[in-house]
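1. could you work out the structure for the sequence below:
(2 chains, ligands or ions: 1)
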Amino acid sequence: MSLSRAEVEHIAELAKLNLTEAELDQYAVQLSAILDYIAELNALNTDDIPPTASVLPLKNVLAADEVTFGLEQKAALANAPDAEAGQFRVQAIFE
Amino acid sequence: MATKIQTPAYEAVIGMEVHAELMTESKMFCRCAVVDLTAAQPNTAVCPVCLGMPGVLPVINQQAIEYGIMVGLALNCEIAEFNQFARKNYFYPDLPKGYQISQYEFPLAVNGYVMIDLPDGSTKRIGIRRAHLEEDTGKNTHLSDGTSLVDFNRSGVPLLEIVTEPDIRNAEEAEAYCRKLRAILQYLGVNSGDMSKGVLRVEANISVRPVGSNEFRNRTEVKNLNSIRNMFRATEYEIERQIQVWESGGSVVQETRGWDEQKQKTFSQRSKESAHDYRYFPEPDLPVLEISREWVERVRAHMPELPDTKRERFMNALGLSAYDASVLVADRPIADYFENAVKAGGDAKIIANWMMGELFRLMNKSGLEREQINEISVKPEQLVEVIQLIEKKTINNNAGKKVLEIVYNKGGEVSHIIQSEGLAQQSDEGVLRTAVMQVLDQNPSEVTRWLNGEEKVIKFLMGQVMRAMRGTGDAQAVQRLLEEELNKRK
Ligand SMILES: [Zn+2]
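-> Down below sits the predicted model:
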């Protein structure tokens, strides 16, 4: 298995996911299977191919520094679970 | 804190991280306006992109790139030809996407330096490790009921992070670095330098070690530094605290510390280990950015004069001393004020004296920072008018100071104030002589003392005459007439 259970636990914590013991076991197997499948690409010889983060033949897509209006405050807050005084209200996070 | 420890001597090893918002019109990856957080209504400069809604695509602001190139060049950096943005993943309510778009492996500018000016007149070279572009986060306000309010007006504002090499050795150098960097940003017109509004944010990475050693000990990262003064105090405090920890047999914990302005202390801000696992990866929503050498040169050609160049010019072309020139270029608004006054027809050295003397004194008194000189009611032309009236002997030096103070406090026109306050210089010999004779008649014992060789009494008599004339007498003429009249009484 390419991914240890401890690594899955760590990733779950970073992703703010509360997983049960059973789920941790299950995802360790499933995620490993995905990684192993992707790892089949390693069989290809990529010595002469430069690494890239994008498959699109694009570069330097830039916008002029001109303001356009976005959303009204009311629209911006429309999906907020809670709002007060024009602001999103959330549970405070310390640390 | 216990008594300062003298031996072994320690030195601090300090690197600075500065986050500077760039003064573009629109945000880094969307076209929402960049607004003054302290003035705008919350969540009124937002759109689906900067609110992190699904399915949106960021587009890079060209002006932000060019401002970044300008800063990189001003800091003598190499501007990278290949640029790539990266996602920095973490959870916090002010980060709606769950990641910040930043630069990681491929920053915009690297390997630069800046020359800082120290209080003793010397300069020191501080290495710049890198400067990279990213987006600012929203702003949280914690409430007492355990909830927070979030305003996303700041979310996505272009931010340039500038990181030095650990070349700074004490709080004075840290302050000099901040002042120099702030001046450069102001001169380039890319940042207002207003730390109180949070558009320029400073962090100091501090460790200490015995002098002569090359080791790097555990360091702390000090935050919440909302003014250069607080940065200085926090740095001094933290250096001393760490020395005490090592000297008492302990070891410094590598951590983030905040500055408590009330208590004038740094305090531990514990953070979870995992919070630093940012899982950077290349931003798939943004194509790479290639900055050609031609583009760099085009930007360079449009760069304004920088503080060091301006200081040289003030010294060479205007004849200012190195010290005066340094003070005047340290804040761009001060330099602009000075140049406007020179343009209005004043002598550069005399203007410099009046600015650094009277104007700075009045500004200190009313609690204004140097960069707020544009807010005072004395305009550069009025300062020049006062100086010229003194040269023409229409008013004397003291009256000039009074006029300036009145314009500073209440506004008004120089000529009107001179008239209404009766500040015009009195040089009429008849009037002056009458005043002199009256004072001598009223102070016979002082006259006798002078006649008995006590020469310094003349200063007292001089003061009496000037007082009788409400400070408007031509001082040189009064002095001459006093001597004449005293001699007549020998
Ligand atoms: Zn937006």
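2. residues in contact with the residue of the stretch 1-150 of chain B found nearest chain A?
-> Closest approach between the stretch 1-150 of chain B and chain A, counting by CB to the nearest CB: B:Cys47, at 2.8 Å. In this view, the C-beta of every residue, glycine as well, is placed from N, C-alpha and C. Neighbouring residues of B:Cys47 by CB atoms under 8 Å, 6 or more residues apart in numbering or on different chains: A:70-71, B:30-32.
3. and for B:Ser144?
-> B:Ser144 neighbours (CB under 8 Å, 6+ apart): none.
4. if you set the cut-off to 10 Å instead, what comes out?
-> A:Ala92 (CB atoms under 10 Å, 6 or more residues apart in numbering or on different chains).
5. how about the contacts of B:Cys47 in CSV, adding distance to the ion and neighbour count?
-> As requested, the contacts of B:Cys47 are arranged in CSV below (distance: CB to the ion, whole Å; neighbours: other CB atoms under 10 Å in any protein chain shown):
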residue, distance to the ion, neighbour count
A:Gly70, 5, 21
A:Leu71, 8, 19
B:Cys30, 3, 24
B:Arg31, 7, 20
B:Cys32, 3, 27
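6. inside strands: which ones of those?
-> Among the contacts of B:Cys47, DSSP state E puts none in strands.
7. in the residues you listed, find the pair that's most separated.
-> Taking CB to CB as the measure, the contacts of B:Cys47 span a maximum distance of 12.3 Å, between A:Leu71 and B:Arg31.
8. so does the worst-scoring helix or strand of chain A on mean pLDDT get close to chain B?
-> Least confident element among the helices and strands of chain A, by mean pLDDT, DSSP states H and E: helix A:5-14 (a mean of 88). Yes: among the residues of helix A:5-14, A:10-11, A:13-14 lie within reach of chain B under CB under 10 Å from any CB of the partner chain.
9. so which of those comes closest to A:Ser32?
-> A:Ile11 (12.1 Å).
10. about what we covered before: filter the residues of helix A:5-14 next to chain B down to the ones near the ion?
-> Checked against the ion using CB under 5 Å from the ion, the residues of helix A:5-14 next to chain B yield no neighbours at all.
11. contacting residues around the closest residue to B:Arg300 other than its chain neighbours?
-> Once flanking residues are discounted, B:Arg300 sits nearest to B:Leu73: 5.6 Å by CB to CB, 6 or more residues apart in numbering or on different chains. Counting by CB under 10 Å, 6+ apart, B:Leu73 makes contact with B:79, B:109, B:112, B:188, B:296-297, B:299-300, B:303, B:306.
12. quick one: buried residues of the host helix or strand of B:Leu73?
-> Using DSSP states H and E, B:Leu73 sits in helix B:62-74. Buried residues in helix B:62-74, counting neighbours by 16 or more other CB atoms under 10 Å in any protein chain shown, are found at B:63-74.
13. mean confidence for it?
-> Mean pLDDT, helix B:62-74: 98.
14. touching, B:Gly422 and B:Ala399? I think so.
-> Yes: using CB atoms under 10 Å, B:Gly422 is in contact with B:Ala399, at 9.3 Å.
15. and these two? Which one has more around it.
-> Between B:Gly422 and B:Ala399, counted using other CB atoms under 10 Å in any protein chain shown, the more crowded position is B:Ala399 (24 against 12).
16. picking that back up, so what sits against both of A:Leu71 and B:Arg31?
-> Between them, A:Leu71 and B:Arg31 share the contacting residues B:47, B:50, judged by CB under 10 Å, 6+ apart.
17. give me every residue that touches the residue nearest to the spatial centre of chain A.
-> Centroid-nearest residue in chain A: A:Ala15, 8.3 Å away (criterion: CA atoms, centre = their mean). Residues counted as contacts of A:Ala15 (CB under 10 Å, 6+ apart) are B:89, B:91, B:98, B:279.
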